[in-house]
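In: fold the stuff below for me.
(2 chains)
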Amino acid sequence: MSALNVFALCLLTGLLWLSGEFARWEAGARDRAVRTLALGLLAVNVLKYALPPIQGGPLVLPVEFSAAAYFTTPALLLTRRRGLRCWAAYAGTLAGACYYAAMVFAGEAIYGAYPEQNVLLSLLCHGCLLLLGLTTARTERFEPRDILLLPLGTAAVAVRAALLRPWSGGGELLIYELMDAEPIRRAAPALLPAYYAGIAALLLLAAACFMGLNKRAARP
Amino acid sequence: MTRDEFMGRLERELLARKVPEPEDILSEYRRHFEYKLADGYSEEETAARLGDPAELAAQFEPEEVQELKRRGGSAGRSALTWTGLVFADLFVFSFLAVFAAWVVVVACAAVSAGLVALCLLLPFDMQPYVQLPEMPYWCGALHALALAALTVLAAEGCGYFARLLAQLCRSWARFQRNAAAAAAGRAVLPPVPAWPRLEPKRRRRLRRVLTISLAAFVVFAAAAMVTSMLTAGAFEYWHTWGWFM
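Out: Here you go, the predicted model:
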């Protein structure tokens, strides 16, 4: 048991409770809280990506699924566009839940060597995403046809990441590791179609689970 | 008798007896009803405990007050009552002073727990301004979560204790006033309850916040201690990390 894993578990418990509390709030107060949180998250990330080039560093664009969600989820929730709120909630929930699950099960192994302030900032940003996503999913009933948006949006993020690869800042990014599938490409190239089909099936399953959660939790 | 019926009758009786400033008296009884309703008593029970509105109004009638003074009030009884009240004050004021000190202690605990939590969470070296026991950062962060829950618990507790202290002072002041008035043969006002009155919604919120922050403190503190023991490889991790060297 490592302290970082337990710390993430404690935060996750608090976030799940907090999203339940938000869902019980009166609609006006909840909307104000969600918008304030979204504005804060957007401001932090605009600063995070805009400051380095202003200070003379290289330009790095957000290409990871979570990094894209840092912008799309709060921006869509702030603009109140009904058609895309389903995607905003899904992207927030998926990015936050996957990050916290990785933290709880292998936080020390994956992030133990990173500077504490970077890990804290990531925990905060993913925590905000999870909170925004779960609160929206628990309080707004989405249409069944909205499910089409979810895999389409994920595919759009993948295409965008492929196009912006020169500005991704290098390093090992999960989205490129998943897209390249280097170990499979080297060991058994014949399995690549099955691998991509598996990834697609997992994403469809995640979308179906999200819509199921929304159907059960949100009031009609 | 319902509250409206009681208040209506009391108002009519006060007006009929030409009692000066009836609105002040009515507002005291209105407040008494509010307290009792918030405590869970029904309107009928409260009205029955207060007694007949006609008799209550008669206390405030100028001629009736003179009559009461002639019948019950006396200088000797007043002196005896005031002597008793002064001796009681010695004990009550000491208790209230100790209680006020307790409110200050809880407030200081809330502020200091919050500051220590913040210092443990900020990933910067703050020496020589802040001296905290040495421990791995993420163990400290877990302790910080426990302290943050303790901060909420102490802040909510401090707020409630401050309200209780203010209400105890009001209740004691009303008791003194009524005891002196009864001894002098003057009219007495309804007693003020000792417990602070909270709106049902606010009371539910306070209870929920206290329960959750207490549970969070227990869980996070246990998680912080167990993790620290495992990280240090010893039950007494404070010795391993040389906290008391």
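In: domains of chain B: list them as residue ranges, please.
Out: B:1-61, B:81-240 (automatic domain parsing).
In: residue A:14 is nearest to which of the ones you listed?
Out: domain B:81-240 (7.3 Å; CB to CB). (Each C-beta comes from the backbone N, C-alpha and C, glycine too.)
In: where's the closest one relative to the chain centroid, distance-wise?
Out: Relative to its parent chain, domain B:81-240 has a centroid offset of 12 Å by CA atoms, centre = their mean, to the nearest Å.
In: would that domain count as contacting chain A?
Out: Yes: under the criterion of CB under 8 Å from any CB of the partner chain, domain B:81-240 makes contact with chain A via B:121, B:123, B:136-139, B:141-142, B:145, B:212, B:216, B:219-220, B:223-224, B:226-228, B:230-231.
In: that older thread, dump the domains of chain B into TSV; add mean pLDDT as well.
Out: Formatted as TSV, the domains of chain B follow (pLDDT from 0 to 100):
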stretch	mean pLDDT
domain B:1-61	83
domain B:81-240	92
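In: looking at the residues of domain B:81-240 next to chain A, which are in helices?
Out: The helices, defined by DSSP state H, take in B:121, B:137-139, B:141-142, B:145, B:212, B:216, B:219-220, B:223-224, B:226-228, B:230-231 from those.
In: quick revisit: dump the domains of chain B into TSV; add distance to residue A:27 and mean neighbour count as well.
Out: Shown next, in TSV, are those (distance: least, CB to CB, whole Å; neighbours: other CB atoms under 10 Å in any protein chain shown):
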stretch	distance to residue A:27	mean neighbour count
domain B:1-61	28	16
domain B:81-240	17	16
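In: what strand or helix carries residue A:14?
Out: helix A:3-24 (DSSP states H and E).
In: contact partners of that helix?
Out: Helix A:3-24 is contacted from outside by A:30, A:33-34, A:96, A:100, A:103-108, A:111-112, A:119, A:123, A:127, A:130-131, A:134-135, A:138-139, A:217, B:136, B:138-139, B:141-142, B:145, B:212, B:216, B:219-220, B:223-224, B:227-228, B:231, using CB atoms under 8 Å, 6 or more residues apart in numbering or on different chains.
In: show me the contacts for the residue nearest to residue B:232 when sequence neighbours are not counted.
Out: Among residues not flanking residue B:232 along the chain, residue B:240 sits closest, at 4.1 Å (CB to CB, 6 or more residues apart in numbering or on different chains). By CB under 8 Å, 6+ apart, the residues touching residue B:240 are B:232, B:233, B:234.
In: closest to chain A among those?
Out: residue B:232 (10.7 Å; CB to the nearest CB).
In: pretty sure that closest one is touching residue B:241, no?
Out: Yes: using CB atoms under 8 Å, residue B:232 makes contact with residue B:241 at a distance of 6.3 Å.
In: the residue positioned nearest the centre of chain A in helix, strand or coil?
Out: The centre of chain A sits closest to residue A:95, judged by CA atoms, centre = their mean, with a distance of 2.1 Å. Following DSSP: H, G, I helix; E, B strand; the rest coil, we place residue A:95 in the helix state.
In: so who does it touch?
Out: Contacts of residue A:95 by CB under 8 Å, 6+ apart are A:65, A:66, A:69, A:73, A:126, A:129, A:130, A:133.
In: so for it, what's the pLDDT?
Out: Note for residue A:95: predicted pLDDT of 94.
In: the residue nearest to residue A:123 when sequence neighbours are not counted: neighbour count?
Out: Spatially, and ignoring its direct neighbours in sequence, residue A:123 is nearest to residue A:11 (6.2 Å; CB to CB, 6+ apart). Residues within reach of residue A:11, counting by other CB atoms under 10 Å in any protein chain shown, total 20.
In: then residue B:75?
Out: By the criterion of other CB under 10 Å, residue B:75 has 9 neighbours.
In: helix, strand or coil for the most centrally placed residue in chain B?
Out: Nearest to the geometric centre of chain B sits residue B:164, at 1.0 Å (CA atoms, centre = their mean). For residue B:164, the assignment made with three-state DSSP gives helix.
In: list the contacts of it.
Out: B:99, B:195, B:196.
In: now the helices for chain B?
Out: B:3-16, B:22-38, B:43-50, B:53-59, B:62-71, B:75-121, B:137-184, B:200-232, B:237-240.
In: same thing with chain A?
Out: A:3-24, A:27-54, A:65-79, A:85-111, A:116-139, A:149-163, A:174-180, A:182-187, A:192-217.
In: I'd like those helices as CSV, with distance to residue B:33 appended.
Out: Shown next, in CSV, are these (distance: least, CB to CB, whole Å):
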stretch, distance to residue B:33
helix A:3-24, 31
helix A:27-54, 31
helix A:65-79, 46
helix A:85-111, 48
helix A:116-139, 39
helix A:149-163, 57
helix A:174-180, 65
helix A:182-187, 77
helix A:192-217, 42
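In: of all these, which one is nearest residue B:27?
Out: Closest of those to residue B:27 is helix A:27-54, at 32.9 Å (criterion: CB to CB).
In: let me see the mean pLDDT of the closest one.
Out: Regarding helix A:27-54, the rounded mean pLDDT is 92.
In: helix A:65-79 and that one, what's the angle between them?
Out: Helix A:27-54 and helix A:65-79 are oriented at 130 degrees to each other (axes from the mean of the first three to the mean of the last three CA atoms, to 10 degrees).
In: which elements pack onto helix A:27-54?
Out: In terms of contacts (3 or more CB pairs under 8 Å, 6 or more residues apart in numbering or on different chains; DSSP states H and E), helix A:27-54 is packed against helix A:3-24, helix A:65-79, helix A:116-139.
In: could those go into a markdown table alongside mean pLDDT?
Out: Converted to a markdown table, these look like this (pLDDT from 0 to 100):
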| stretch | mean pLDDT |
| --- | --- |
| helix A:3-24 | 93 |
| helix A:65-79 | 92 |
| helix A:116-139 | 94 |
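In: I'd like those helices as a markdown table, with distance to residue B:16 appended.
Out: Below are the helices and strands packed on helix A:27-54 laid out as a markdown table (distance: least, CB to CB, whole Å):
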| stretch | distance to residue B:16 |
| --- | --- |
| helix A:3-24 | 51 |
| helix A:65-79 | 64 |
| helix A:116-139 | 58 |
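In: can you say which of the helices of chain B is nearest to residue A:158?
Out: helix B:137-184 (33.1 Å).
In: how big is the angle separating the closest one from helix A:85-111?
Out: Counting by the same axes, to 10 degrees, helix B:137-184 lies at 120 degrees to helix A:85-111.
In: from what I can see residue B:172 touches residue B:91, true?
Out: No: Residue B:172 lies out of contact with residue B:91 (CB under 8 Å); the separation is 11.0 Å.
In: give me the common contacts of these two.
Out: When CB under 8 Å, 6+ apart defines a contact, no residue borders residue B:172 and residue B:91 alike.
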